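>>> got a sequence here, can you build the structure:
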Amino acid sequence: MAKPITDKIAALKARQEELAAQLSALTAKAKVADRKRDTRRKIVIGGAILAAIESDTGLADTLRRVLAANVTRPMDRDVVSDLLGENAAPVAKPASGKKKASKAA
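Down below sits the predicted model:
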């Protein structure tokens, strides 16, 4: 005897939930793998740049300018202070860009 339609619907819904859980787990796993790859990539690039600036003063000057302009958080600037040079003054935080509305008299 054939299963009633309601039983088939329930079975398909259960299967759909299983597949959704599997999809969610695989998506999370892919995100973790992407993050790990990105972190490793940054480490490799950073190591290559650090090795290259020892013999290339032009690259060292360029890196110093890039870091001075883009590394603004004090704790991050502390980490790269040796690369920023002696004149590594803290960078002022950029304004939020929001202006307060003035009241018209």
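
>>> quick one: low-confidence parts of this structure?
Residues of the chain that meet the criterion pLDDT under 70 lie in 1-2, 86-105.

>>> repeat that with 50
For the chain, residues meeting the criterion pLDDT under 50 lie at 102, 104-105.

>>> what about the helices in it?
Per DSSP state H, the chain has helices spanning 5-53, 57-70, 74-79, 81-84. These are given in chain order.

>>> reformat the ones you listed as TSV; add mean neighbour count.
For every residue, glycine as well, the C-beta is placed using N, CA and C. Supplementary listing: these in TSV, determined by neighbours: other C-beta atoms under 10 Å:
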stretch	mean neighbour count
helix 5-53	10
helix 57-70	13
helix 74-79	11
helix 81-84	14
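
>>> distance of Ala25 from Arg77?
Using C-beta to C-beta, to the nearest Å, one obtains 40 Å as the distance from Ala25 to Arg77.

>>> equivalent analysis for Lys29, please.
Here the criterion is C-beta to C-beta. By it, Lys29 lies 35 Å from Arg77.

>>> now Thr6
In terms of C-beta to C-beta, Thr6 sits 65 Å off from Arg77.

>>> and Val71, by the same measure?
The value you get for Val71 to Arg77, if C-beta to C-beta is used, is 5 Å.

>>> check Asp56 too.
According to C-beta to C-beta, Asp56 and Arg77 sit 23 Å apart.

>>> pull the CA atoms of stretch 37-44 into PDB?
Taking Å, rounded to 0.1, in the frame of the first residue of the first chain, the C-alpha atoms of stretch 37-44 are listed here in PDB:
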ATOM      1  CA  ARG A  37      44.000  31.100   3.900                       C
ATOM      2  CA  ASP A  38      43.700  34.900   4.000                       C
ATOM      3  CA  THR A  39      45.600  35.000   7.300                       C
ATOM      4  CA  ARG A  40      48.300  32.800   5.900                       C
ATOM      5  CA  ARG A  41      48.500  34.900   2.700                       C
ATOM      6  CA  LYS A  42      49.000  38.000   4.800                       C
ATOM      7  CA  ILE A  43      51.800  36.400   6.800                       C
ATOM      8  CA  VAL A  44      53.600  35.300   3.600                       C
END
